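Visitor: Provide a 3D model corresponding to the input given below.
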Amino acid sequence: GMNLNAILYSEEFSKFIVFSAIVYLPLFFGWIARKRNYLDEKLSGSLTKWTIISMESPIILFCFWGLDISDLSKVFVVPLIAALISSFCILYGLFFSQRHGHDPLEKGAYLGCACFSNVGITMGSFLAFLMLGERGLRFAILYLAYFVPFFFTIGFAMARRYSTEDVSLISNIKSFFTDPVSFIPNLAVIIGLILNIYQVEQSPII
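Guide: Numbers count the residues shown, from 1 in each chain. Sure thing, here's the model as predicted:
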């Protein structure tokens, strides 16, 4: 069998511990802060928005900047697979929501969670980076490229179907271009691809 000491002291295992700590330690301290009323819901939301804008968006930009787009068929197949997986999750969500006897609002929330939960730069991307290096992280980011168009079509259709409020397409499109949380990550994708297409060289610092 494999030598346990060799695994524990390997560089890969050390990276796994570091990346896991990056993800779970902030979650743990945030949970403690909420339990002790150091953070209210409004501040928690602000921290989440700040993280998406100032931390995730630069990662997305650099990943698309360095992405190998020489074979466009391979570039498009990865987000397509991700979109198909989310579509199948809707079917599973409908089945289990029916089994649980959810009312319309509960069903809408359940389907949204089934379809869109855990889509982001979290443990999956870290594991891809751990196993495949920077190339793995780029593919993980590419996997997420489907999310915005899928969310603003299928996601909003589900929201309108199960929401008691009027969720108009025009207001959703306007929100997309005015809300930094949705606009800036997508702007990072566009800028990264432009830099990639024009073959702008990344600096050694990056």
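Visitor: okay, now residue 170: neighbour count?
Guide: Per other CB atoms under 10 Å, the neighbour tally for residue 170 reads 7. Backbone N, C-alpha and C define where each C-beta goes, glycine included.
Visitor: just checking, what packs against the helix ranked longest in the chain?
Guide: Secondary structure of the chain read by DSSP state H shows that its longest helix is helix 72-100. Identification of packing neighbours for helix 72-100 by 3 or more CB pairs under 8 Å, 6 or more residues apart in numbering; DSSP states H and E yields helix 104-116, helix 134-143, helix 147-150.
Visitor: Return the list of helices and strands in contact with the shortest one.
Guide: Right, helix 147-150. Packing contacts for helix 147-150, counted by 3+ CB pairs under 8 Å, 6+ apart, involve helix 72-100, helix 180-197.
Visitor: re earlier: closest one to residue 176 among the helices and strands packed on helix 72-100?
Guide: Nearest to residue 176, of all these, is helix 147-150, at 8.2 Å by CB to CB.
Visitor: and the angle from the longest helix of the chain to helix 180-197?
Guide: Interaxial angle, helix 72-100 versus helix 180-197 (axes from the mean of the first three to the mean of the last three CA atoms, to 10 degrees): 160 degrees.
Visitor: So for helix 72-100, what gets flagged as buried?
Guide: 75, 78, 79, 82, 83, 86, 89, 90, 93, 97 (16 or more other CB atoms under 10 Å).
Visitor: For that helix, the averaged confidence score.
Guide: When pLDDT is averaged along helix 72-100, the result is 86.
Visitor: got the helices and strands packed on helix 147-150 as a markdown table, with distance to residue 33 columns?
Guide: Below are the helices and strands packed on helix 147-150 laid out as a markdown table (distance: least, CB to CB, whole Å):
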| stretch | distance to residue 33 |
| --- | --- |
| helix 72-100 | 32 |
| helix 180-197 | 21 |
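Visitor: Show me the one of those that comes nearest residue 131.
Guide: Going by CB to CB, the one of these nearest residue 131 is helix 72-100, 15.9 Å.
Visitor: how far does the closest one sit from the chain's center?
Guide: From the chain centre to the centre of helix 72-100 is a distance of 15 Å (CA atoms, centre = their mean, to the nearest Å).
Visitor: what angle sits between that helix and helix 134-143?
Guide: For helix 72-100 against helix 134-143, the angle by the same axes, to 10 degrees is 60 degrees.
Visitor: Between helix 104-116 and helix 72-100, find me the angle.
Guide: Using the same axes, to 10 degrees: helix 72-100 against helix 104-116 is 150 degrees.
Visitor: ok, the nearest residue to residue 64 once chain neighbours are set aside - how many residues close by?
Guide: With sequence-adjacent residues excluded and distances taken as CB to CB, 6 or more residues apart in numbering, residue 64 is closest to residue 192, at 3.0 Å. Close neighbours of residue 192, defined as other CB under 10 Å, add up to 22.
Visitor: Surely residue 192 touches residue 59?
Guide: No: with contact defined as CB atoms under 8 Å, residue 192 does not count as touching residue 59 (9.9 Å).
Visitor: what is in contact with those two at once?
Guide: With CB atoms under 8 Å, 6 or more residues apart in numbering applied, the contact sets of residue 192 and residue 59 do not overlap.
Visitor: I'm done for today, thanks for sticking with me.
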